[in-house]
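Asks: Predicted model follows, preceded by the sequence.
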2 protein chains.
Amino acid sequence: MDTQARFQELQAKLKAAGYRATPQRIALLKILAASTGHPSAMQIYEQLRRHFPTTTLATVYKTLTLLKEMGEVLELEFSGAENRYDGNKPHPHLHLVCVECQRIIDPEIAPLTHVSAQVAKTTGYQIVGQRFELYGICPECQTVQKKHSKGTHRKHSG
Amino acid sequence: MDTQARFQELQAKLKAAGYRATPQRIALLKILAASTGHPSAMQIYEQLRRHFPTTTLATVYKTLTLLKEMGEVLELEFSGAENRYDGNKPHPHLHLVCVECQRIIDPEIAPLTHVSAQVAKTTGYQIVGQRFELYGICPECQTVQKKHSKGTHRKHSG
DNA sequence: GTGCTTGCAAACAGTTTGCAGATAG
DNA sequence: CTATCTGCAAACTGTTTGCAAGCAC
């Protein structure tokens, strides 16, 4: 689905759910639909602020919460860092996170439905969601590391 | 590996890494080795406090950080809630989280090594870690729901 | 003794909330 | 019109940090 179509879908669903289409919300929907890198609330806020200098992070969070509850945004939670938001593929799927530059991409793999089915059967749990992430160093960051040839930051030298 | 063996392993590694074996640390290692429910820092602290009434959360966090860096504790991050710690199987593995009582168990499944291998090949990322969680409702909480026919929250003691 | 470790308090980051004024429908 | 929404500030939670006193080695 392309950016424009996703934007219009989001806009229609917002309206259908009975929410008001404020200019700030419309702009946020456009940003979300156009995003590819799974932006944080702060990143969305900074884009939004270009058009609405008076807007605040709180409003961004409120709108994201709304979209989460509508099931149109997937929130990726990180305790040590900002949460990240995916408004294009709101259903859970594999994410690949670069531990250097924090970029998050969606690698194409066959769905892993058999895992949750098997676990449901063996444990008796009723499965309601999932989260699958791989962490790695993206090709770009690998190049940077080689160029500078600075060993990765080692936190503790026993 | 049983609790006692894991405790002794942790203790030996702590010493081998050059850290001091304070009574608080020894007690924390015992709690970690004996834990099955993936406790939070607060839960560890409350157990620890029974034997060391003057200890603080900060010390618990410091020790957990140390063990993380040694690779002997796995930290499961949750942005909206407390992080959870696994000192028995510190390598990444599938976790099954009950969304009602927050219990976390380790279901037995075949490892998914082929996924990371395939993603590494198709994306060029150098994979350094992973996280795979399933969320569901455990059999106990399903029963509670049926009885009360309302989504009651019941804390589960791990 | 030396210097790592503890315990305390205060800082910190990201997120959420309460409320008065603004505004979409 | 009026109920929802915005923007501001302050609260909140879990985690981290700085430092003086304590203790393992």
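Replies: Alright, I've got the coordinates.

Asks: Check the model's average confidence along stretch A:82-100 for me.
Replies: Confidence for stretch A:82-100, expressed as mean pLDDT, is 95.

Asks: Give me the contacts around stretch A:15-30.
Replies: Defining contact as CB atoms under 8 Å, 6 or more residues apart in numbering or on different chains, one finds that stretch A:15-30 is touched by A:7, A:10-11, A:14, A:44, A:48, A:51-52, A:55, A:59-60, A:63, A:66, A:70, A:87. From N, CA and C alone the C-beta is placed, and that goes for glycine too.

Asks: Buried ones among these?
Replies: Using 16 or more other CB atoms under 10 Å in any protein chain shown as the burial test, these include A:7, A:10-11, A:14, A:44, A:48, A:55, A:59-60, A:63, A:66, A:87 as buried.

Asks: related to what we said a few turns ago, which one of the contacts of stretch A:15-30 is nearest to DNA strand D?
Replies: Set against DNA strand D, the nearest of those by CB to the nearest atom of the strand is A:Thr55 (3.2 Å).

Asks: tell me the SS of A:Leu134?
Replies: With DSSP: H, G, I helix; E, B strand; the rest coil as the basis, A:Leu134 sits in strand.

Asks: Chain A: helices as residue ranges?
Replies: Using DSSP state H, the helices found in chain A span residues A:3-16, A:23-34, A:41-51, A:57-69, A:113-123, A:139-148.

Asks: among the ones you listed, which is the most enclosed?
Replies: Mean neighbours per residue, mean count of other CB atoms under 10 Å in any protein chain shown, is largest over the helices of chain A for helix A:23-34, with a mean of 19.

Asks: and that helix with helix A:41-51, angle?
Replies: Orientation check (axes from the mean of the first three to the mean of the last three CA atoms, to 10 degrees): helix A:23-34 against helix A:41-51 gives 120 degrees.

Asks: Just want the angle from helix A:23-34 to helix A:57-69.
Replies: Using the same axes, to 10 degrees, helix A:23-34 lies at 60 degrees relative to helix A:57-69.

Asks: what residues are up against the residue positioned nearest the centre of chain A?
Replies: Closest to where the C-alpha atoms of chain A average out (CA atoms, centre = their mean) is A:Tyr85, at 2.8 Å. The contact partners of A:Tyr85, by CB under 8 Å, 6+ apart, come to A:32, A:35, A:38-41, A:44, A:64, A:73-76.

Asks: same thing but at 10 Å, please
Replies: Applying CB atoms under 10 Å, 6 or more residues apart in numbering or on different chains, one finds that A:Tyr85 lies in contact with A:31-32, A:35, A:38-41, A:43-44, A:60, A:64, A:67-68, A:73-76.

Asks: For the contacts of stretch A:15-30, which two are the farthest from each other?
Replies: Greatest spatial distance among the contacts of stretch A:15-30 (CB to CB): A:His51 and A:Met70, at 22.9 Å.

Asks: Could you break chain A into its assigned domains?
Replies: Following the assignment in automatic domain parsing, chain A carries domains at A:1-90, A:92-158.

Asks: out of the contacts of stretch A:15-30, who's nearest B:Ala117?
Replies: Using CB to CB, A:Gly87 comes nearest to B:Ala117 of the contacts of stretch A:15-30, at 30.2 Å.

Asks: what's that closest one sitting at in phi/psi?
Replies: Here the main-chain torsion angles of A:Gly87 (degrees, to the nearest 10) amount to phi -100, psi 0.

Asks: nearest residue to it other than its sequence neighbours?
Replies: Closest residue in space to A:Gly87, ignoring its immediate chain neighbours: A:Leu32 at 3.3 Å, by CB to CB, 6 or more residues apart in numbering or on different chains.

Asks: Give me the distance between the one you found and DNA strand C.
Replies: Remark: distance between A:Leu32 and DNA strand C (CB to the nearest atom of the strand, to the nearest Å) = 15 Å.

Asks: Can you give me every residue that contacts that residue?
Replies: With the criterion set at CB under 10 Å, 6+ apart, A:Leu32 makes contact with A:3, A:6-7, A:10, A:39, A:44, A:47, A:63-64, A:67, A:72-73, A:85-88.

Asks: swap in A:Glu69?
Replies: A:Glu69 neighbours (CB under 10 Å, 6+ apart): A:Ala17.

Asks: one step back: near DNA strand D, list only the ones from the contacts of A:Leu32.
Replies: Among the contacts of A:Leu32, proximity to DNA strand D is found for A:Thr63 (CB under 7 Å from any atom of the strand).

Asks: Quickly name whichever of the contacts of A:Leu32 is closest to A:Cys98.
Replies: Using CB to CB, A:Pro39 comes nearest to A:Cys98 of the contacts of A:Leu32, at 14.5 Å.
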